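Novice: Coordinates for the following, if possible.
(chains A and B)
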Amino acid sequence: VSLAVGPGQRPGTGKISEAVSRVEAELGRLWDTPDEATGQAKVRASMMNLVVVSSPAETEALETSTDDLTQTHPGRVFLLSVDGRIEPWDLRASISAVCRADGGSLLCSDRVEIAFGAMVVARAGSVVSALALPEVPTIVESGAGAPPSLVDALAKGADRLIVDSAHTSWKRVAELARATPAALADRNFVRAYTWRDLVARFFDDAPRATRAIRRVEITRTGAGRQEPAAQLIGWLASRLGWTFESAQRARWPGGSVELALRDDVRTDVGAGEVTGVRIETELDGRSLVATCARTEAPRIVRWAMEGARTASHDYPLGFRDETWVLIKTIDAAVSDRTYRETALAAADFCGHLGAG
Amino acid sequence: MAEELSVDPCVLVIFGASGDLTGRKLVPGIYMLAKNRMLPSAFSLVGFARRPMSDADFRAKMREATDKFSRQKPVDGTVWDDLAAGTFYVQGAFDEAAAYQRLREKLEEIDRTRGTRGGRTFYLAVPADSVRPIVDHLKEAGLVPPPTNDGKPYARVIVEKPFGTDLASARELNRDLLQKLDERQIFRIDHYLGKETVQNLLVFRFGNTIFEPLWSRQHVDHVQITVAEEIGVEGRGKFYEKIGITRDIVQNHALQVLTLVAMEPPSSWDADAVRDEKVKVLRTLRPIRGREVLERTVRGQYAAGIVRGDRVPGYREEPDVAKDSRTETYVAMRMQLESWRWGGVPFYLRSGKRLAKRLAEVVLHFKSLPHGLFRGATGATDEPNALIVRIQPDEGISLRFATKVPGGGIAVRDVAMDFRYGSAFGSSTPEAYERLILDAMRGEATLFTRADEVEAQWGFIDAILEGWKEHEAPVARYEAGSWGPAEADRLLEPGDTWRKP
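Specialist: This is a model prediction of the structure:
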């Protein structure tokens, strides 16, 4: 179903609410009509409204990835974009359903795609609110190329807001964190879990060493869209109570920590990725150097401690596809508070760095 | 209660036959009754209004309205033709005695030609100030004789809301009507009571054994009743300035829903047994008087905003609304029922225009866990349970409870066990007006409001309206498309929040 609606003079038919009503009616018809092939009634399973904001170019890829997602996380999916090719006062919507046979039933989720003209972006929140399923949370994802104005229009009504700090600046993430009380999650925070886990393990049986950290050095490949070290530094700062004096120095009530970023020129790791973390500290008056760094095999990390403690292990970083990453971002509410604090600290760090 | 109860032969006369309600709801509803063979074989429809029109014109106009507003389309030509053959129009002013003579002659002619045997139901789809003159003239014309012991032939009058504008006017209207009619002949309609979900509240509570034990202060923490509209005043600014949402919605629809939620089990499904229990609820409502209105109620007015994607003006920018208007388009209140069952349980009620969604629902929030076994688990809350009764749209009932998220460890997520009328019974649920018109023709008054009920409703509302006036209660502003003013939050007990469905 395609709808084109303008402010009155357009080829469509007038007010946006009329388009909303037509989409509602089409959704109603979709659910009332049995499956053409089998004659079976469709059963709706819903655990969320997922609203993904992106550029129009991403929509096709998102159709596939959200279809995968709804196999395990059924719900109503909204794919929203601002499309410069349509008239500024128009919006275009289409709906479809994805069904799968499950125990003799046809279990379906529906998808609503809406492209907004530039002048009606601010109304997106109201449109989604009218079409969203009741009684389930609304999760808004700021996807690749998401226009900030569209994300802002939706953030107010979100129960959970997902960003990807691989392509969204920390300044922007912090803006969103401050603007919405909704839980905030980050795909890139999920991707970087292993790094945080390995760094935390340095201090598992020596927590007092966290209070003696003198220097943190992070190596990363260049040409990333955002500073890849900021997340780890922001996370350390948020956990250990650091504030930033400059991009080179963090301070806490008991002392200060030198921060260093190094470029890694290796080409077998993608752009803008962390390749190593080195932490210099003390334990019981003795020096302790903890490192985890990618080995020659880029997906293997060598975790090592030298000085007051000695140990060395290799760990695979593993591979997780983006559907898994998104599922974790939706489900892993346990790290919400940590992430919010990390994001604010990372933005502060980037402010000192002069990066966004 | 059985749907197969027969209806005696009758003529349904609609006063205000050229009005919006007749075309949108009444005649399409009557058509559906005809289509479903719920009308007696000897049935006739007569429209009565000021506008000059022939029978043929009236039939054509009603056919057009039915084509547009019937819940089942296309309209079945054969059914419509049968209905149209018995449809007539009488032109006249409501205060013109001669018009009632013409009506009487027409009805007698219909009795002779169509066998309707003197059965009459008069539907007054007219402004409130026309009710009295119409009833007076019906009486003078001998069209509403007192009921007989065997109930045949019968004459009943259906009266639309508003039933008065305050307690005094409601009492006066009741008194005047009861001078001309017997209470058994008066059917005060509140179309909310014709909605399946509203009726189902009683079946849900008293037709099952598992819910009623939970339905009290022992288990319920608080109750939220919401009647929300997306629309504004829709060009009726002049009317709305005099009414406000408290009179328009709370006095009738919202309080009706409250009584059904809170009532004790009636001894039978008899009209008076059910209505007795509803009236008892209204009498247990602790009045909100004087300065208390400032603590237990919030009134508000919508400002400009966005609703369903459209920019809409604020209330004071609407045509025929004063720039300094203090008429409320939103009201929220914290109510207490002084009864053994509900003592100490807050009932939060809110109703507004230009809110985020068109929605009517009742939600019972159950008490928090006595011991937080899973406190600290991801997603765990202390108050996981709520029972949501959706009256409109998407009628149904949901029970929200906590479940373990599959996988390692203990993560908890609220899920809803959902019953939807549309899914369980298809889309053939009758419209409220179909049910109520049929009930009135049968003389079944359970779903209509009794005189003492109306007066008890006004008694509660009057005190609030007077308190607002006396203490100059502020009028909070809220953005159109939101869930109302932030000021409404202060009505809630600590830890409670308004739902955003």
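
Novice: Which single residue of chain B ends up nearest chain A?
Specialist: As assessed by Cβ to the nearest Cβ, chain A sits closest to B:Gly309 within chain B, at 3.2 Å. C-beta here means a position set from N, CA and C on the backbone, and glycine is covered the same way.

Novice: okay, that residue: pLDDT?
Specialist: For B:Gly309, the pLDDT comes out at 87.

Novice: Please name the nearest non-neighbouring residue to it.
Specialist: With Cβ to Cβ, 6 or more residues apart in numbering or on different chains as the criterion, B:Gly309 has its nearest non-adjacent residue at 3.2 Å, and that residue is A:Ile16.

Novice: Over to B:Met38?
Specialist: B:Leu438 (5.8 Å).

Novice: model confidence over the helix or strand that B:Ile30 is a member of, on average?
Specialist: According to DSSP states H and E, B:Ile30 maps onto helix B:27-35. Helix B:27-35 shows a mean pLDDT of 94.

Novice: Which SSE is immediately downstream of that helix?
Specialist: Taking DSSP H and E, what comes next after helix B:27-35 is strand B:43-49.

Novice: and the angle from that following strand to helix B:27-35?
Specialist: 170 degrees (axes from the mean of the first three to the mean of the last three Cα atoms, to 10 degrees).

Novice: Doesn't A:Thr291 belong to a helix?
Specialist: No: going by DSSP: H, G, I helix; E, B strand; the rest coil, the assignment for A:Thr291 is strand, not a helix.

Novice: Was I right to think it contacts A:Arg278?
Specialist: Yes: between A:Thr291 and A:Arg278 there is a contact under Cβ atoms under 8 Å: 4.6 Å.

Novice: what sits against the residue in the stretch 1-150 of chain A positioned nearest to chain B?
Specialist: Closest contact between the stretch 1-150 of chain A and chain B, by Cβ to the nearest Cβ, is at A:Ile16 (3.2 Å). A:Ile16 makes contact with A:Val5, A:Leu91, A:Val120, A:Arg123, A:Val127, B:Arg308, B:Gly309, B:Asp310, according to Cβ atoms under 8 Å, 6 or more residues apart in numbering or on different chains.

Novice: for the helix holding B:Ile30, packing partners?
Specialist: Helix B:27-35 sits against strand B:43-49, helix B:55-69, helix B:77-85, helix B:432-442, with contacts defined as 3 or more Cβ pairs under 8 Å, 6 or more residues apart in numbering or on different chains; DSSP states H and E.

Novice: The last one: what's the following helix or strand?
Specialist: Heading C-terminal from helix B:432-442, the first helix or strand you meet, by DSSP H and E, is helix B:451-470.

Novice: From the chain's centroid, how far away is that next one?
Specialist: Computed by Cα atoms, centre = their mean, to the nearest Å, the chain-centroid distance of helix B:451-470 equals 18 Å.

Novice: Just the CA trace of that helix, in CSV.
Specialist: What follows is helix B:451-470, C-alpha atoms only, in CSV (Å, rounded to 0.1, in the frame of the first residue of the first chain):
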residue,chain,number,x,y,z
ALA,B,451,-33.0,8.8,37.6
ASP,B,452,-31.4,8.3,41.0
GLU,B,453,-28.2,7.3,39.2
VAL,B,454,-28.1,10.4,37.1
GLU,B,455,-28.7,12.5,40.2
ALA,B,456,-25.9,10.7,42.2
GLN,B,457,-23.5,11.4,39.3
TRP,B,458,-24.4,15.0,39.2
GLY,B,459,-24.1,15.2,43.0
PHE,B,460,-20.5,14.2,42.8
ILE,B,461,-19.6,16.4,39.8
ASP,B,462,-21.5,19.5,41.1
ALA,B,463,-19.3,19.7,44.2
ILE,B,464,-16.1,19.7,42.0
LEU,B,465,-17.5,22.3,39.6
GLU,B,466,-18.5,24.5,42.6
GLY,B,467,-15.1,24.0,44.2
TRP,B,468,-13.3,25.1,41.1
LYS,B,469,-15.4,28.2,40.9
GLU,B,470,-15.2,29.1,44.5
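
Novice: Would you check that the residue of chain B closest to chain A makes contact with A:Gly125?
Specialist: No: if you go by Cβ under 8 Å, B:Gly309 and A:Gly125 don't touch, sitting 9.2 Å apart.

Novice: So which of these two has more stuff around it?
Specialist: More neighbours surround B:Gly309 than the other of B:Gly309 and A:Gly125, with 27 against 23 (other Cβ atoms under 10 Å in any protein chain shown).

Novice: Which residue ranges of the stretch 51-200 of chain B form helices?
Specialist: Listed in chain order, the helices of the stretch 51-200 of chain B (DSSP state H, counting those that start in this stretch) span B:55-69, B:77-85, B:97-114, B:131-140, B:167-180, B:196-206.

Novice: Tell me the helices and strands packed up against the fourth one.
Specialist: Contact partners of helix B:131-140 among helices and strands, from 3+ Cβ pairs under 8 Å, 6+ apart: helix B:97-114, strand B:120-124, strand B:155-159, helix B:167-180.

Novice: Make JSON lines from the helices of the stretch 51-200 of chain B and add mean pLDDT to it.
Specialist: Formatted as JSON lines, these follow (pLDDT from 0 to 100):
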{"stretch": "helix B:55-69", "mean pLDDT": "96"}
{"stretch": "helix B:77-85", "mean pLDDT": "94"}
{"stretch": "helix B:97-114", "mean pLDDT": "94"}
{"stretch": "helix B:131-140", "mean pLDDT": "95"}
{"stretch": "helix B:167-180", "mean pLDDT": "93"}
{"stretch": "helix B:196-206", "mean pLDDT": "85"}
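
Novice: Distance to A:Pro147 and mean neighbour count for those helices - can I get that in a markdown table?
Specialist: Shown next, in a markdown table, are the helices of the stretch 51-200 of chain B (distance: least, Cβ to Cβ, whole Å; neighbours: other Cβ atoms under 10 Å in any protein chain shown):
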| stretch | distance to A:Pro147 | mean neighbour count |
| --- | --- | --- |
| helix B:55-69 | 40 | 17 |
| helix B:77-85 | 52 | 15 |
| helix B:97-114 | 64 | 16 |
| helix B:131-140 | 56 | 19 |
| helix B:167-180 | 55 | 16 |
| helix B:196-206 | 40 | 18 |
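
Novice: want to throw those helices into a markdown table with distance to B:Pro370?
Specialist: Listed next are the helices of the stretch 51-200 of chain B as a markdown table, based on distance: least, Cβ to Cβ, whole Å:
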| stretch | distance to B:Pro370 |
| --- | --- |
| helix B:55-69 | 52 |
| helix B:77-85 | 59 |
| helix B:97-114 | 66 |
| helix B:131-140 | 54 |
| helix B:167-180 | 44 |
| helix B:196-206 | 25 |
